[in-house]
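Peer 1: Just need the structure, nothing else, for what follows:
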Amino acid sequence: MSRRILLHVGFWAVYALYDGYLSAPLTGTSFEGLSFVQRLILGYQAELILLAIKIPAVYFVLYYLIPRFLPKNKHISLAFSILGVAAVVTLINHWVWRELLYPHLFKVSASPPAPTFAIALFRWLWSSFDILMLLGISSALKFFRMRLQNMEREKQLIAEKLQSELQFLRAQTNPHFLFNTLNNIYGLARKPAPVAAEVVMRLSQLLRFMLYECSSPRIALVDEIKVIKDYIELEKLRYNQRLQVTFEENIDDSGCMIAPLLLLPFVENAFKHGAGESRFDTHIDLRLQLRNNRLEFEVQNNKDPDENPAGEGIGLKNVRRQLELIYPDKHVLQVEAQANLFRVVLELELD
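Peer 2: Residues are numbered from 1 along each chain as shown. Presented below is the predicted three-dimensional model:
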């Protein structure tokens, strides 16, 4: 039996216990010969008969009226429809009490007609209070459940949208990296064959990592660092002596995890706009520190003073958006562009 059915059965069981107690003839001279338990049994017998009227009415409201009017924001129509159902159920209940329960179950005469209209109206309102309360509570529970379902559906749609965007961003990273690396191979085409062969070998290792290791939402930080080091060695083959790279690394937890290829675009950007656009010697300094799951990653490169400042390329825009999606409120990214210096500092709180 499903959890939903159990909840419905539990609701009706609690209601029947409550309303059956109220229906029991606990007072009155006609029942003086009955014990308290016998009177309760009469009340619960009456309640079982009345439930045959109330249950269909409740589910008619929950599964027909509410789905019909609520999505269209017809709240007034819904309210009057519920009041109409309550009025019909009250009339039927009144007839059941007068014609069935009083004479056949309780073995007593029905109450005489009200002497005045005011008293009759009061009796009708009082008898309708029970069904109105029942319809009100059940409708409120239905509204609450629908609200929770809508919130969960919206949450799922947002998560699916963010996941699709993240997959798109990661799909952009690989071709962007491959395009830049192919430019490197073109620059090495005139160099001795062993150098070009080593470049192709290192490139194949990087692409293998991107294809087979980056499908997971998280990878080990040490694997990300290895990719960065492999990329640095690849670029050193291209620029030779005019490129100087320092990499300061300090990690207190080798098992810490990070989103894949999140740091590499910063390094790639330093080479592209540093060594790639400079006619002089290029210095690229990297510093990575992990302490208590807090990562600090700094990349700094010099550039020509007369170089026209460029906006963020695809790589930086891509990784900035990935940070917003994967690590919201858990990162600080600073990009500093000076006349002869470009510096990026990322502070990231890892999971």
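Peer 1: Could I get the buried residue list for the helix or strand of the chain with the lowest mean pLDDT?
Peer 2: Lowest on mean pLDDT, DSSP states H and E among the helices and strands of the chain sits helix 193-212, with a mean of 72. Neighbour-count burial for helix 193-212 flags Val199, Arg202, Leu203, Leu206, Phe209, Met210 (criterion: 16 or more other Cβ atoms under 10 Å). In short, each C-beta sits where N, CA and C put it, glycine included.
Peer 1: Repeat that for stretch 7-14.
Peer 2: Under 16+ other Cβ under 10 Å, stretch 7-14 has no buried positions.
Peer 1: Show residues contacting it.
Peer 2: Leu51, Ile55, Ser138, Leu141 (Cβ atoms under 8 Å, 6 or more residues apart in numbering).
Peer 1: And stretch 76-92, by the same measure?
Peer 2: 53-54, 57, 60-61, 65-66, 69-70, 124, 127-128, 131-132, 135, 139.
Peer 1: can you rerun that using 10 Å?
Peer 2: Stretch 76-92 has contacts (Cβ atoms under 10 Å, 6 or more residues apart in numbering) with 50, 53-54, 56-58, 60-61, 64-66, 68-70, 72, 74, 124-136, 139.
Peer 1: Pull it out as PDB, backbone CA atoms only.
Peer 2: What follows is stretch 76-92, C-alpha atoms only, in PDB (Å, rounded to 0.1, in the frame of the first residue of the first chain):
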ATOM      1  CA  ILE A  76     -14.700  32.900  -6.300                       C
ATOM      2  CA  SER A  77     -16.300  30.200  -8.400                       C
ATOM      3  CA  LEU A  78     -14.400  27.600  -6.400                       C
ATOM      4  CA  ALA A  79     -15.600  29.000  -3.100                       C
ATOM      5  CA  PHE A  80     -19.300  29.100  -4.200                       C
ATOM      6  CA  SER A  81     -19.000  25.600  -5.600                       C
ATOM      7  CA  ILE A  82     -17.600  24.300  -2.300                       C
ATOM      8  CA  LEU A  83     -20.500  26.100  -0.500                       C
ATOM      9  CA  GLY A  84     -22.900  24.400  -2.900                       C
ATOM     10  CA  VAL A  85     -21.500  21.000  -2.200                       C
ATOM     11  CA  ALA A  86     -21.700  21.700   1.600                       C
ATOM     12  CA  ALA A  87     -25.400  22.800   1.200                       C
ATOM     13  CA  VAL A  88     -26.300  19.600  -0.700                       C
ATOM     14  CA  VAL A  89     -24.500  17.400   1.800                       C
ATOM     15  CA  THR A  90     -26.200  19.200   4.700                       C
ATOM     16  CA  LEU A  91     -29.600  18.500   3.100                       C
ATOM     17  CA  ILE A  92     -28.800  14.800   2.600                       C
END
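Peer 1: where does the stretch 1-150 of the chain have low pLDDT?
Peer 2: Applying pLDDT under 70 to the stretch 1-150 of the chain flags residues 1, 26-32, 110-115, 117-120, 122-123.
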